[in-house]
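A.B. asks: Sequence and predicted structure, then a few things I'm wondering about:
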Amino acid sequence: MKAVIPVLSALALGLCVTGSRANESFGSEFSHFVAGAAVASGATAIADHYGAENRAWIGFGVSAGLSFVAEAVQIAANGSSQVGPSALDFGANLLGAALGAWVTDRFFLAPAVSTDAQGHRTVCLSMRLSF
């Protein structure tokens with residue numbers, strides 16, 4: 001759960017930016033990327049807290065699902081002219097969700113349980129010592 005605090009802080013900081021406008025600029029798409037990563041990271045950490053085995057896939061799925069619903073609502077409200085921009089926003093969110101879920105699963109959460117090709121499970125633990 002420690003990984004959730006920095007992610008939520010970054011998301012809150014991103015939401016505090018004033019003067020934001022919807023467009024297809026780098027800043028707009030980067031905000032979708034960051035939001036996708038933040039939601040995926042938080043959902044991955046929550047899945048870990050409840051002992052889910054495929055926590056990264058859960059985090060990715062939650063972020064992608066929320067983005068899909070949000071973009072579908074925009075398309076329904078604004079018509080077919082919104083399809084292109086919404087697809088771009090959804091794509092940026094998917095990339096962020098994939099990165100956020102993977103980084104959180106691999107580098108922030110322990111133990112990491114993985115299954116190899118033969119079906120054997122491996123548990124990786126991290127240990128920190130102060131010198």
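C.D. replies: Okay, I see it. Keep in mind the model is a prediction, meaning the values are calculated, not measured.

A.B. asks: Please make it C-alpha for all contacts and neighbour counts, starting now.
C.D. replies: OK.

A.B. asks: Please report phi then psi for Thr122.
C.D. replies: Main-chain torsions, Thr122, degrees, to the nearest 10: phi -120, psi 130.

A.B. asks: if I look at it, how far off is Ser67?
C.D. replies: Separation of Thr122 from Ser67 (Cα to Cα, to the nearest Å) stands at 33 Å.

A.B. asks: pLDDT averaged over stretch 105-115 - what is it?
C.D. replies: Averaging pLDDT along stretch 105-115 yields 75.

A.B. asks: Gly100 and Ala37 touch, don't they?
C.D. replies: Yes - taking Cα atoms under 8 Å as the contact criterion, Gly100 and Ala37 are neighbours in contact, 4.0 Å apart.

A.B. asks: Neighbour count: these two, which is higher?
C.D. replies: Ala37 (31 against 28; other Cα atoms under 10 Å).

A.B. asks: Kindly confirm my reading that that one is in a helix.
C.D. replies: Yes - counting by DSSP: H, G, I helix; E, B strand; the rest coil, Ala37 is part of a helix.

A.B. asks: Show the contacting residues for it.
C.D. replies: By Cα atoms under 8 Å, 6 or more residues apart in numbering, Ala37 lies in contact with Ser63, Asn93, Leu95, Gly96, Ala97, Ala98, Leu99, Gly100, Ala101.
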